[in-house]
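> below is the sequence, then the predicted model.
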Amino acid sequence: MFNTSDGEVTLSSGEKTVRFPTVTGTEGDVGIDISKLRADHKRITLDYGFANTAACRSSVTFVNGDTGELRYRGYRIEDLAAQASFPEVAFLLMNGELPTKAELEEYESELSGHTLLNEEMKRMFDAFPRGAHPMGILSAATAAMSTFYERYHNPRDAESVKESTIRLMAKLPTVAAFAYKKSIGQPYMYPRNDLDYSSNFLQMMFGLPVEPYEIDPVVARALDVLLILHADHEQNCSTSTVRLVGSSEANLFASVAGGMNALWGPLHGGANSAVIAMLSEIDEDGGDVDKYVARAKDKEDPFRLMGFGHRVYKNFDPRAKILKEFASDVLERLGVNDPLLEIALKLEEHALTDDYFIERKLYPNVDFYSGMIFRSLGFPVRMFTVLFAIGRLPGWMAHWKEMIEDPNTRIGRPRQVYAGHTERDYVATGDR
Ligand code: CMC
């Protein structure tokens, strides 16, 4: 029996009744505090994928998966995407409030003051094989950055935290662009501090030392909006990884490198490139969308519709809604006619009217349309997850900082229900 009353939940079994306090969030979510469960009652909980487990209290981002709402520090994602810049959103996530004009100018100038990499890091890029996946380079270079900034490793020192967060945010686009240039055998382009965050990244990605690079304002703004939409999403797999690594008091660079590796997987940030692979396959296979919807429903077939479904959203992902409109708009303004957009729209329409997807509340997620826009801006598919990582960085850092500052934080150390052999005697090799 499970009873809820004000501030408490009681669990009864036979004669025994156990009481647990509850914690109510500002948006009304109720968490049952089971922190004394093992100590007082010798029981633990089992929750695969942590689908029912809150690991912390957080004030960074709110997601309502039933209504399809997303807010950073209380501000609606739709408003931020329409009106803010990416550095402004990064400041908001990191500091809790939107910057004043003067604060934003100071933050942008701090960022542009730290865009260069230590020249010694260039040897590391050179050491990777030609064609190395840029996500592998990105996380390796982020971990390697920790070796240049050992003086900022102490997570308990506010000045060190500030210096390391500025450096990582300033340098990640340079790392990403170097990783790309390495993979195509072109010379590295150095940052230009007269340009805004997204424009500078574009010139490092697509510029060449032999000729001037013209920034297309449509492309620069589209990139900024995409980065804003990816900037945070509360306790997702990569952010939880950053928090878990950081809970051991590992430095910021090491913690974020861990998050990048978690992001790489196709069920998480790797889905944006998987979507393009899937749409291209459908296109090359004659564009028969029904065949792929049928495959996704077939339990014998491991195929899933990439860019569909979400652990939290059981309604439209608000980012996907924004991106769907944005994709048509950007493609039109850039004069790009991408046959994959038509396939994506058809696929969405078929899936949304199919009982399998309706019953399971599977809607397009952020990755479904983002790849289409990245592609139209000229980014190669292997860079898509890197772009997601650049966007997600402020969220990772805001959560890492919040975790470090929270007096309730303890090292992350889940329990297990042991299911292996019971005790047995060792048998010598010859007797096995
Ligand atoms: N295609 C077909 N069936 C699906 C899909 C899909 N994309 N997603 C979920 N299902 C089915 C799943 O088979 C299961 O069916 P049943 O109840 O019959 O066993 C049911 O829906 C629930 O799925 P789940 O796998 O238990 O859900 P989850 O919360 O563990 O996983 C997910 C969420 C996002 C990993 C999953 O929906 C998925 O694999 N989607 C495709 C990959 C993708 O687009 N990932 C990006 C996620 S959003 C941004 C990000 O995090 O990076």
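Arrived safely.
> contacts only, for Leu117.
The contact partners of Leu117, taken as C-beta atoms under 8 Å, 6 or more residues apart in numbering, are Lys171, Thr174, Val175, Phe178. Bear in mind the C-beta positions are built from the backbone N, C-alpha and C, glycine included.
> how close does the residue in the stretch 101-250 of the chain that the ligand sits nearest to sit to Lys101?
Residue nearest to the ligand within the stretch 101-250 of the chain: Asn236 (5.3 Å; C-beta to the nearest ligand atom). As for Asn236, its distance to Lys101 is 32 Å (criterion: C-beta to C-beta, to the nearest Å).
> is the ligand contacted by stretch 63-82?
No - interface with the ligand: stretch 63-82 contributes nothing (C-beta under 6 Å from any ligand atom), its closest point being 10.2 Å away.
> quick one: contacts of that stretch?
27, 59-62, 89, 92-93, 96-98, 225, 228-229, 231-234, 310, 312-319, 321-322.
> rerun at 6 Å
61-62, 89, 92-93, 96, 225, 228-229, 232, 234, 312-316, 318, 322 (C-beta atoms under 6 Å, 6 or more residues apart in numbering).
> how far does that stretch sit from its chain's centre?
Remark: stretch 63-82 is offset 16 Å from the chain centroid, using C-alpha atoms, centre = their mean, to the nearest Å.
> list the buried residues of that stretch.
Val63, Asn64, Gly68, Glu69, Leu70, Arg71, Tyr72, Arg73, Tyr75, Ile77, Leu80, Ala81 (16 or more other C-beta atoms under 10 Å).
> show me those residues that map onto strands.
Residues of these located in strands (DSSP state E): Val63, Asn64, Glu69, Leu70, Arg71, Tyr72, Tyr75.
> filter the contacts of stretch 63-82 by proximity to the ligand?
Of the contacts of stretch 63-82, not one also sits near the ligand (C-beta under 6 Å from any ligand atom).
> coming back round to it: can you add pLDDT and distance to Pro191 and give the ones in strands among the buried residues of stretch 63-82 back as JSON lines?
Converted to JSON lines, those look like this (pLDDT from 0 to 100; distance: C-beta to C-beta, whole Å):
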{"residue": "Val63", "pLDDT": "97", "distance to Pro191": "34"}
{"residue": "Asn64", "pLDDT": "96", "distance to Pro191": "38"}
{"residue": "Glu69", "pLDDT": "97", "distance to Pro191": "36"}
{"residue": "Leu70", "pLDDT": "98", "distance to Pro191": "31"}
{"residue": "Arg71", "pLDDT": "98", "distance to Pro191": "32"}
{"residue": "Tyr72", "pLDDT": "98", "distance to Pro191": "26"}
{"residue": "Tyr75", "pLDDT": "98", "distance to Pro191": "29"}
